[in-house]
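>>> Return atomic coordinates for the entry below.
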Amino acid sequence: MESWSFPPLYDAGYFPERGARYWFPRRETLPAAEREKAILARLQEVTRYAYKHSPFYRRKWDEAGFHPEKLKSLEDFEDRVPVITKADLRESQARAPMFGEYLCVPESEIHHIHGTSGTTGRPTAFGIGRGDWQAIANAHARIMWGMGIRPGDTVFIAAIFSLYMGSWGTLAGAERLGCKAFPFGAGAPGMSARAAMWLASFKPKAFYGTPSFALHLAEVARAEGYEPRAFGLEVMFFSGEPGASVPGVRDKIRAAYNARVIDCGSMAEMTPFMNVAGSEQSDQGMLCWQDVIYTEVCDPKTFRRVPYGERGTPVYTHLERTSQPMIRLLSGDLTLWVNEPNACGRTYPRLPNGIFGRIDDMITIRGENVYPSEIDAVVNQLADYGGEHRVIITRERAMDELVVRIEAAAGVFERGADAPAAMRSEAAQRLQKVLGLRAMIDIVPPGTFPRTDFKARRVVDDREVFRQMHERLAR
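Next up, the predicted model:
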């Protein structure tokens, strides 16, 4: 297999022929049995390395009765190696600040520091070694090549440059690929209008951001007198939130910009975030680049792989990282995987519908399990949808109620009372068919909800407020 060693030794000057479909032809088209044999050999190397250098893994595996010498098959890996969680990582960093007991290199070798914001608890610090940063750049370059991006192309990066890893990984990959990197950023007031101006001036080939920002940008661009299709974008790739695999969202972005829409996903801890990224045939879903990050889709209770064709949660293992390697990191996301022929010819498994959302985002309403992404998919396919909505879970007496407030497109209310009423009826019928329960629909005027440059947060659970109120009244 081309340039596959541990630690990875990539040739920084390597490029395929410009017209080549694959960055590494053999690695990307291996028969499944041959790839799994190579992955097992890599897992044996990775677990031996982590056991030697990490008190975190050594303790956890000793408690589980696992030793790297016992790893003889992928089934052994699944059965014997315990999953780790974000809570495990936070606890490890509390014991050994700042990078935890799973840091496997001296702190002097750390090249980049990133992490989570810590808005809901202790922040998690990512200490990324220089060699790992080069491996991240190479992996991103390789996967971006699979998207059809080539040396010399301009890549417009419309994502926040802070602790967030997605934008930095894209930048590193674009630079390694020999592109003209345009790190525009996001998040500041007025950024959308300025983005439209720069896109109209430079006409980059590729765009990276979140689906929410791309839709918001199209609205702002039109208000500023620009036509988004005239930006000349050919490839738009996304991460940070579900959406680019949701048909309604994907189709709106594609129609607005006349560009190919490619969904990417993973976790910040696992960067490259595009370990499950689309290729030029983007409608087929996201590929699991198994020789970069080994992905298992598992039952969320047993953590054993589910058969292809079934839903589960991704469990990720780094195959090229040495500084803070993640080995069987539980994502908590929900997806479905298949192992079918891919139009691009790569032989990786695929997530045909991308990441649906997070398992812990699931809402239980009157005994039915509801995922916000299912609601997103329905409202985005309404003809008069105005681009934003809110999902409100409330309680009327002893019953949970689902309220979906949907912005109408410009002009809907001006058509008279019948237009929003028809939109309300259509949304109610479609949601009941998909969710299996009744939802209360509220159609609101355009501009009711704020837009975002980053992750859209659309779910409001009022039931806790209801419970607290009743506890106060009972005292």
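>>> pLDDT (mean, whole number) over the helix or strand harbouring Gln93?
Under the criterion of DSSP states H and E, Gln93 resides in helix 86-95. Confidence over helix 86-95, taken as the mean pLDDT, stands at 94.
>>> repeat for stretch 111-126
What stretch 111-126 shows for mean pLDDT is 78.
>>> returning to that earlier point: residues contacting the helix or strand that the helix holding Gln93 is followed by, please?
Going down the chain from helix 86-95, the next helix or strand is strand 110-115, by DSSP H and E. The set of residues external to strand 110-115 that reach it, using Cβ atoms under 8 Å, 6 or more residues apart in numbering, is 99, 123-130, 132-133, 163-165, 168, 268, 323. In this view, the C-beta of every residue, glycine as well, is placed from N, C-alpha and C.
>>> Please apply the same query to stretch 304-317.
The set of residues that contact stretch 304-317 without belonging to it, under Cβ under 8 Å, 6+ apart, is 43, 46, 78-79, 83, 266-267, 270, 275-276, 293-300, 303, 326-339, 349, 355-356, 359.
>>> for the stretch 151-300 of the chain, which spans come out with low pLDDT?
For the stretch 151-300 of the chain, residues meeting the criterion pLDDT under 70 lie at 273-283.
>>> What's the local residue count around Gly225?
Using other Cβ atoms under 10 Å, Gly225 has 8 neighbouring residues.
>>> just use 24 as the starting number from now, easier for me
Right, with 24 as the first residue, what we last looked at is Gly248.
>>> Can you classify it as helix, strand or coil?
The three-state assignment at Gly248 reads coil, by DSSP: H, G, I helix; E, B strand; the rest coil.
>>> right, and Trp360 touches Arg373 too?
Yes: with contact defined as Cβ atoms under 8 Å, Trp360 counts as touching Arg373 (6.8 Å).
>>> Please name the strands paired to the one helix or strand Phe179 maps to in the sheet, noting orientation.
Taking DSSP H and E as the definition, one finds Phe179 inside strand 177-180. In the sheet containing strand 177-180, the strands it pairs with under DSSP bridges are strand 203-205 (parallel), strand 229-232 (parallel).
>>> Quick check: which of the ones you listed is buried the most?
Comparing the strands paired with strand 177-180 by mean neighbour count (mean count of other Cβ atoms under 10 Å), strand 229-232 ranks first with a mean of 28.
>>> Looking at the chain, which strand is longest?
For the chain, the strand reaching the highest residue count under DSSP state E is reported as strand 408-419.
>>> What is the helix or strand that comes right after it packed up against?
Of the helices and strands lying after strand 408-419 in sequence (DSSP H and E), the nearest is strand 422-431. Contact partners of strand 422-431 among helices and strands, from 3 or more Cβ pairs under 8 Å, 6 or more residues apart in numbering; DSSP states H and E: strand 386-388, helix 395-402, strand 408-419, helix 441-458, strand 463-467.
>>> switch to 6 Å and redo it
strand 408-419, strand 463-467 (3 or more Cβ pairs under 6 Å, 6 or more residues apart in numbering; DSSP states H and E).
>>> Now do the longest one against strand 422-431: the angle between them, please.
Strand 408-419 runs at 160 degrees relative to strand 422-431, counting by axes from the mean of the first three to the mean of the last three Cα atoms, to 10 degrees.
>>> and the angle from strand 408-419 to helix 395-402?
An angle of 130 degrees separates the directions of strand 408-419 and helix 395-402 when computed by the same axes, to 10 degrees.
>>> With only the CA atoms kept, save strand 408-419 in CSV.
Once side chains and other backbone atoms are set aside, the C-alpha atoms of strand 408-419 remain, and they are given as CSV (Å, rounded to 0.1, in the frame of the first residue of the first chain):
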residue,chain,number,x,y,z
TYR,A,408,-40.0,27.3,3.6
GLY,A,409,-38.2,30.5,4.5
GLY,A,410,-34.9,29.0,5.7
GLU,A,411,-35.3,28.7,9.5
HIS,A,412,-37.4,26.9,12.1
ARG,A,413,-37.5,26.0,15.7
VAL,A,414,-38.6,22.8,17.4
ILE,A,415,-40.2,23.3,20.8
ILE,A,416,-41.0,20.5,23.1
THR,A,417,-43.5,21.6,25.8
ARG,A,418,-45.9,20.0,28.2
GLU,A,419,-49.7,20.6,28.3
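>>> Buried residues of it, list them for me.
By 16 or more other Cβ atoms under 10 Å, the buried positions in strand 408-419 come out as Tyr408, Gly409, Gly410, Glu411, His412, Arg413, Val414, Ile415, Ile416, Thr417, Arg418.
>>> How about stretch 383-394?
Those would be Asp384, Ile386, Ile388, Val393, Tyr394, for stretch 383-394 by 16+ other Cβ under 10 Å.
>>> likewise stretch 320-333?
Counting neighbours by 16+ other Cβ under 10 Å, the buried set in stretch 320-333 is Val320, Cys321, Pro323, Phe326, Arg328, Val329.
>>> follow-up on the earlier one: of all the strands paired with strand 177-180, which one comes closest to Phe89?
The closest of the strands paired with strand 177-180 to Phe89 is strand 229-232. By Cβ to Cβ, the value is 38.4 Å.
>>> what separates the closest one from the chain centre, distance-wise?
Chain-centre distance of strand 229-232: 14 Å, with Cα atoms, centre = their mean, to the nearest Å.
>>> what's it in contact with?
Applying Cβ atoms under 6 Å, 6 or more residues apart in numbering, the external contacts of strand 229-232 come out as Ile172, Val178, Phe179, Ile180, Ala181, Ala182, Thr193, Leu256, Val258, Met259, Phe260.
>>> again, but for stretch 87-102
Residues from elsewhere that reach stretch 87-102, judged by Cβ under 6 Å, 6+ apart: Glu59, Leu63, Leu66, Gln67, Thr70, Arg71, Tyr74, Arg103, Val104, Pro105, Arg327, Arg328.
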